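> build me a structure from this.
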Amino acid sequence: MVLVLGAVVVVCVAGWVLWDYHQRPCYEVVYLPWDWTEDSIAVRINDQGQVAGYCREWGTGFLWDAENGPTEFGGEDGEDITVFGLNNVGQVVGIIKSKGADGKSVSCPFVWGEGQSLIRLMEPSEEYSAAVRINDEGLVAGMILGPRDDPNDVETGRMFVWDETRGVRMVDEVKGRWVSVEGLNESGEAAGTMLQPGGLRGFVWSEAGGLRYPVSVEYESQAWDIDRAGNVLGMGRGSEDGVFVWNEKTGARTVGTLGGNAAGYCQMNDRGDIVAGGGDKEIMLFGKYKVKEAEEWAFVRMANGRTADLGELFEEGEVFYPRDINNDGWIVGSVYKGKTSPIFADQVTGERAVLLRPK
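Model prediction:
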């Protein structure tokens, strides 16, 4: 059954599919108030139901909720905003990109909150400097990537943390040719991935606990998220292939590929629900690194082990790319039209921010 109510589409499909624990639940599909030409992307949702994201067409960020609608914010003329993180206080973090005096791209990380001006955490530079996550205490975790034309191409990726009292502090233990920060919990534990000479390496770091690795050193791994209890969501290759949940006390528990042949990107809430996107074929990134193309499917895996194919909620030719799930099971992401995934934005004919609310 499909009901269309303005910008809200209620999709409910009853029954079970052929294999165990795979079902299609009922969701409200809420398209946020931008059209396909504006390329809006919802990236994070907090436990108050606020959604953070950005519009490529306008170079602006937004914070949306059902009662107040969108609040948009931007930088100065010629600056583009990309949003990455949101906390339960409504603070948003991301990156400001622009052109320097010599025409080269420059960037700096930012923090923004309603009724506040953009706080720029660093001076703009040719390095890619982004604030990626912020917890409810206002601790920010981010990453710095050196220019791609760096002839050395060695350990140009670093991690930093920031708070209003102590400012920016570099995390010396976390470095590599490439660094990605993906999760940050209320205890100040950050999770992410480093590209080192031996391959990708998932990590967990905190000021109190230092640097730790969720899986054995001999296996390539990625860490995508960390919950309030310190459980790390990630993917391992080799004998630890597939998505895993790791805890320092109990070790790693494999949860498979979440419905497809290969998981591509996952996020997790505090009750253990996982939302994932993935694809069935590999592509080359920057001509060097193989990654999974996230265009084939989008799944949610509940804490009880049941999975549902979120892609079946949308029209033929539309692909849902999930990006976050809150503790009520609300999911955000974007629906795009085009031949390939959002990795290649020039081949996407339209993208629109969307919220899925369980019914």
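> okay, CA-based contacts and neighbour counts for the rest of this
Will do.
> do I have it right that N327 meets N269?
Yes: using CA atoms under 8 Å, N327 makes contact with N269 at a distance of 5.4 Å.
> show me which of those two is the more surrounded one.
Neighbour tally, N327 and N269, criterion other CA atoms under 10 Å: the higher count belongs to N269, 21 against 17.
> contacting residues around the more buried one?
By CA atoms under 8 Å, 6 or more residues apart in numbering, the contact set of N269 is D227, I325, N326, N327, G329.
> enumerate every residue touching the third one.
Read it as N326. With contact set as CA under 8 Å, 6+ apart, N326 has these partners: I45, N46, D47, M268, N269.
> and what of the last one?
In this structure, G329 makes contact with N269, D273, R357, P358, judged by CA under 8 Å, 6+ apart.
> in JSON lines, list those along with pLDDT and secondary structure.
Output for the contacts of G329, formatted as JSON lines (pLDDT from 0 to 100; DSSP: H, G, I helix; E, B strand; the rest coil):
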{"residue": "N269", "pLDDT": "96", "secondary structure": "coil"}
{"residue": "D273", "pLDDT": "94", "secondary structure": "coil"}
{"residue": "R357", "pLDDT": "95", "secondary structure": "strand"}
{"residue": "P358", "pLDDT": "92", "secondary structure": "strand"}
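> would you mind checking those for buried ones?
Among those, those buried by neighbour count (16 or more other CA atoms under 10 Å) are N269, D273, R357.
> hey, what's Y31 bridged with?
Beta bridges link Y31 to V354, judged by DSSP bridges.
> how near is the residue most central in space within the chain to A52?
Among the residues of the chain, the one closest to the centroid is R323, at 5.0 Å (CA atoms, centre = their mean). The spacing between R323 and A52, counted by CA to CA, to the nearest Å, is 11 Å.
> now do the shared contacts for these two.
With CA under 8 Å, 6+ apart as the test, R323 and A52 both reach A42, V43, R44.
> neighbours of the first one, how many?
In other words, A42. By other CA under 10 Å, 30 other residues sit near A42.
> try V29
V29 has 21 neighbours, counted by other CA under 10 Å.
> and the helix or strand encompassing it, average pLDDT?
Assigned by DSSP states H and E, V29 belongs to strand 27-31. Strand 27-31 shows a mean pLDDT of 93.
> can you offset everything so residue one is 140?
Understood, numbering begins at 140; the last thing we discussed is strand 166-170.
> what is that strand packed up against?
On a contact count with 3 or more CA pairs under 8 Å, 6 or more residues apart in numbering; DSSP states H and E, strand 166-170 meets strand 147-150, strand 487-497.
> rewinding a little: tell me the one among the contacts of N408 nearest to G239.
For the contacts of N408, the minimum distance to G239 (CA to CA) is 36.4 Å, reached by I464.
> where in the stretch 140-289 of the chain is pLDDT low?
The model of the stretch 140-289 of the chain has pLDDT under 70 over residues 140-164, 286-289.
> now the helices for it?
Along the stretch 140-289 of the chain, no stretch is classed among the helices by DSSP state H, counting those that start in this stretch.
> mind listing the strands for it?
Using DSSP state E, counting those that start in this stretch, the strands assigned to the stretch 140-289 of the chain run over residues 141-144, 147-150, 166-170, 179-184, 190-194, 199-204, 208-212, 219-225, 231-238, 244-251, 258-259, 267-273, 279-284.
> out of the ones you listed, the one nearest L452 is which?
Checking the strands of the stretch 140-289 of the chain against L452 by CA to CA gives strand 147-150 as the closest, at 6.3 Å.
> ok, now which ones touch the residue lying closest to G375 once chain neighbours are set aside?
Excluding the flanking residues, the one nearest G375 by CA to CA, 6 or more residues apart in numbering is S360, at 4.2 Å. Contacts for S360 (CA under 8 Å, 6+ apart) come out as T332, L339, R340, G341, V354, G373, M374, G375, R376.
> just grab the bridge partners of the closest residue to E328 other than its chain neighbours for me.
Computed as CA to CA, 6+ apart, the closest residue to E328 that is not its neighbour in sequence is S345, at 4.6 Å. Under DSSP bridges, the beta-bridge partners of S345 are G349.
> and S345, how many neighbours does it have?
S345: 17 surrounding residues under other CA under 10 Å.
> measure it to N324 for me?
Counting by CA to CA, the gap from S345 to N324 is 10 Å.
> for D463, same thing?
From D463 over to N324 the distance is 14 Å, taken as CA to CA.
> can you tell me the element F459 falls in?
Counting by DSSP H and E, the element that carries F459 is strand 457-464.
> buried set for that strand?
Within strand 457-464, the residues scored as buried using 16+ other CA under 10 Å are E457, V458, F459, Y460, P461, R462, D463, I464.
> chain neighbours aside, what residue packs nearest to the third one?
Ranked by CA to CA, 6+ apart and with sequence neighbours excluded, the top spatial neighbour of F459 is V474, at 4.4 Å.
> can you list the strands that the helix or strand harbouring the one you found pairs with?
Using DSSP H and E, V474 falls within strand 470-477. Strand pairing for strand 470-477, using DSSP bridges, gives strand 457-464 (antiparallel), strand 487-497 (antiparallel).
> can you lay out the ones you listed as a markdown table showing distance to G217?
Converted to a markdown table, the strands paired with strand 470-477 look like this (distance: least, CA to CA, whole Å):
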| stretch | distance to G217 |
| --- | --- |
| strand 457-464 | 27 |
| strand 487-497 | 22 |
